[in-house]
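Student: Got a predicted model here, sequence first, then my questions.
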There are 4 protein chains.
Amino acid sequence: MIEFRVETTSGIAPYRQIAEQVRHGLRLGILDVGDQLPTVKEVVAMVAINPNTVSKAYRELELEGLVEGRAGIGTFVTRTLAGPSLAAHGELRRTLLAWLESARRAGLDDASIDALVEHAFHDARQDGVA
Amino acid sequence: MIEFRVETTSGIAPYRQIAEQVRHGLRLGILDVGDQLPTVKEVVAMVAINPNTVSKAYRELELEGLVEGRAGIGTFVTRTLAGPSLAAHGELRRTLLAWLESARRAGLDDASIDALVEHAFHDARQDGVA
Amino acid sequence: MIEFRVETTSGIAPYRQIAEQVRHGLRLGILDVGDQLPTVKEVVAMVAINPNTVSKAYRELELEGLVEGRAGIGTFVTRTLAGPSLAAHGELRRTLLAWLESARRAGLDDASIDALVEHAFHDARQDGVA
Amino acid sequence: MIEFRVETTSGIAPYRQIAEQVRHGLRLGILDVGDQLPTVKEVVAMVAINPNTVSKAYRELELEGLVEGRAGIGTFVTRTLAGPSLAAHGELRRTLLAWLESARRAGLDDASIDALVEHAFHDARQDGVA
DNA sequence: GTGGTCTAGACCACC
DNA sequence: GTGGTCTAGACCACG
């Protein structure tokens, strides 16, 4: 069962965080077609937010055609976002974690790592576009 | 001169995006003590947002003691966030860009890369905490 | 300015009725790119429903990429659904109204006309599919 | 035997869709006094919904005095909604299908046809009322 | 003032 | 019990 976390200090609307975490799960193969999402009540118990906020996230995913709510049963995945590249994730993940470890050893804290990553990715995308 | 970008679709308040980009610049050594931030007018010309929004971002940074507004002149950096680890950034950045390149070659699109990175980092932090 | 109507007896959720009427307007050329939708408050004054219900309709349209809400200004059309067939609408509309008139003269009430239309259209779609 | 269809995406409660389709049948002469409706089990096999939902639709029709449930046997039509205009339906239907065909030839898709029909009918009723 | 979001509580439809 | 919807009231970000 996928687990949700909500950072109230991030400035990102909780319903967006929930929806994004589902999309990430679909992309990483953690969630697959037919899987059931936690019920609204279960999410509420998990992260202490209002049921309507969870419903809003699920409704948005439903409009995107990713999940389907079935009254009285729950909400289920109807489409995955995982591509053929999924097989490569394991190796990439290992390399990335190794990089993270080296950054930590070099004395970078989480905020610095975030800054470095976001900056590098932004530049790379610019290059890709150019 | 630091450049700002604002993603209106991200769901993050524009003033937060501006402030965060300044903090990143301070952390990465792109901005240093004494440097002048773009004036409100310059930012407005750069990213097409309301001047009040820019002022709000600068005010927040001033409250954090990172910058100082001098009436009629501009806003200046008073404190940096770059640590001793700054020297290691160049090498880390190169390795990270290489990783990014390998992810692209493996067929991952931006969204998948985001998902992978966020997931790996979250796990790593959990481990660190544990 | 497009006008909304909400039938509370139809069994269709009001927010769906609002959204559908906007889509129809986009399809019939009544609404075009750049046009402003009524503000939430104006709609509330028009049809006496809760502001949140209107927001829900507009948000759904925004997720579909049809409109864009700009804080402090209003909600604006960003994409039309009108196709090249738009030019033919005038003539088709006239013929359809003539048919309606003949049905009325033959003694059909609104309910019978609805039944006849829905039945004919359903059959026609089946044939089209087959 | 009348056939039912249920659109789960329409936002209309399934029990309303079933009941409405029976009323349409009564209006178009497809169902007549004495005819038996499909049993709940048959409907369930036809459209894959919960038996309770079918029962609710039949109960509503019974309250309207249109059908009568006979325990252990089935549900039977007790009143028709077809008027004297029924004789004219054939010709009207043919003309309507011809109109539909011309709309298709003009390049309109189903959604555009829906928009045009609903808009024209709404206007016509307004005129009639006025 | 406008849209965006969250909370709280309620009712309905479906299983 | 589960999701879907509406109402009411509140706060925030933006212009």
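Tutor: Ah, there it is.
Student: centroid residue for chain A?
Tutor: Per CA atoms, centre = their mean, the C-alpha nearest to the average position across chain A is that of A:Gln21, at 2.6 Å.
Student: burial count for the closest residue to A:Gly25 other than its chain neighbours?
Tutor: Leaving out its chain neighbours, the residue that sits closest to A:Gly25 by CB to CB, 6 or more residues apart in numbering or on different chains is A:Leu31, at 3.9 Å. Glycine gets a C-beta too; all of them are placed from N, C-alpha and C. Other residues near A:Leu31 number 24, with proximity taken as other CB atoms under 10 Å in any protein chain shown.
Student: can you check A:Glu91 too?
Tutor: Burial of A:Glu91, expressed as a neighbour count using other CB under 10 Å, amounts to 12.
Student: can you map out the helices along chain A?
Tutor: Under the criterion DSSP state H, chain A contains helices at A:14-28, A:40-47, A:51-63, A:89-105, A:110-129.
Student: how about A:Gly29, phi and psi?
Tutor: The phi/psi pair for A:Gly29 (degrees, to the nearest 10) reads phi 80, psi 10.
Student: what about the residue of chain A found nearest chain D, neighbour count?
Tutor: Here the residue of chain A nearest chain D is A:Gly72; by CB to the nearest CB that distance is 8.4 Å. Using other CB under 10 Å, A:Gly72 has 5 other residues around it.
Student: so where's chain A uncertain?
Tutor: Along chain A, segments meeting pLDDT under 70 span A:126-130.
Student: Would you mind listing what in it touches DNA strand F?
Tutor: Chain A has residues A:37, A:39-41, A:52, A:55, A:58-59, A:62, A:69-75 near DNA strand F, with proximity defined as CB under 7 Å from any atom of the strand.
Student: The same query, at a cut-off of 6 Å, please.
Tutor: A:39-41, A:52, A:55, A:58-59, A:62, A:69, A:71-72, A:74-75 (CB under 6 Å from any atom of the strand).
Student: which among those gets closest to chain B?
Tutor: Using CB to the nearest CB, A:Arg59 is the member of the residues of chain A next to DNA strand F that sits closest to chain B, with 15.8 Å.
Student: List the contacts of the closest one.
Tutor: Under the criterion of CB atoms under 8 Å, 6 or more residues apart in numbering or on different chains, the neighbours of A:Arg59 are A:Gly69.
Student: Please report the number of neighbouring residues for the residue of chain A found nearest chain C.
Tutor: Using CB to the nearest CB, the single residue of chain A nearest to chain C is A:Leu63, 5.5 Å away. Residues near A:Leu63, counting by other CB under 10 Å, number 13.
Student: my read: it touches C:Glu62, true?
Tutor: No. The pair A:Leu63 / C:Glu62 is not scored as a contact, 10.5 Å apart, by CB atoms under 8 Å.
Student: DNA strand F versus A:Ala19, what's the distance?
Tutor: Counting by CB to the nearest atom of the strand, to the nearest Å, the separation of A:Ala19 from DNA strand F is 13 Å.
Student: what about that residue, how many neighbours?
Tutor: Neighbour tally, A:Ala19, other CB under 10 Å: 21.
Student: what's next to stretch A:32-43, contact-wise?
Tutor: Among residues not part of stretch A:32-43, those counted as contacts by CB under 8 Å, 6+ apart are A:1-2, A:4, A:18, A:22, A:31, A:46, A:49, A:51, A:54-55, A:58, A:67, A:74-80, A:82.
Student: try it again with 6 Å
Tutor: In this structure, residues lying in contact with stretch A:32-43 by CB atoms under 6 Å, 6 or more residues apart in numbering or on different chains are A:4, A:51, A:54-55, A:74-77, A:80.
Student: Now do the same contact list for the nearest residue to A:Tyr58 once chain neighbours are set aside.
Tutor: If the residues on either side of it in the chain are set aside, A:Tyr58 comes closest to A:Thr75, at 5.2 Å by CB to CB, 6+ apart. Contacts here follow CB under 6 Å, 6+ apart; on that basis A:Thr75 touches A:37, A:58, A:67, A:69.
Student: Could you point out which of the residues you listed is nearest to D:Leu86?
Tutor: Out of these, the one with the shortest distance to D:Leu86 is A:Gly69. That distance is 41.5 Å, counting by CB to CB.
Student: distance of that closest one from C:Lys56?
Tutor: As judged by CB to CB, to the nearest Å, A:Gly69 and C:Lys56 stand 16 Å apart.
Student: The two: which has the busier surroundings?
Tutor: With other CB under 10 Å as the criterion, A:Gly69 and C:Lys56 differ in neighbour count, and C:Lys56 comes out ahead with 19 against 15.
Student: How many residues are close by the spatially closest residue to the more buried one that is not a sequence neighbour?
Tutor: Closest residue to C:Lys56 in three dimensions, ignoring its sequence neighbours and counting by CB to CB, 6+ apart: C:Tyr15, at 4.4 Å. When neighbours are counted by other CB under 10 Å, C:Tyr15 registers 21.
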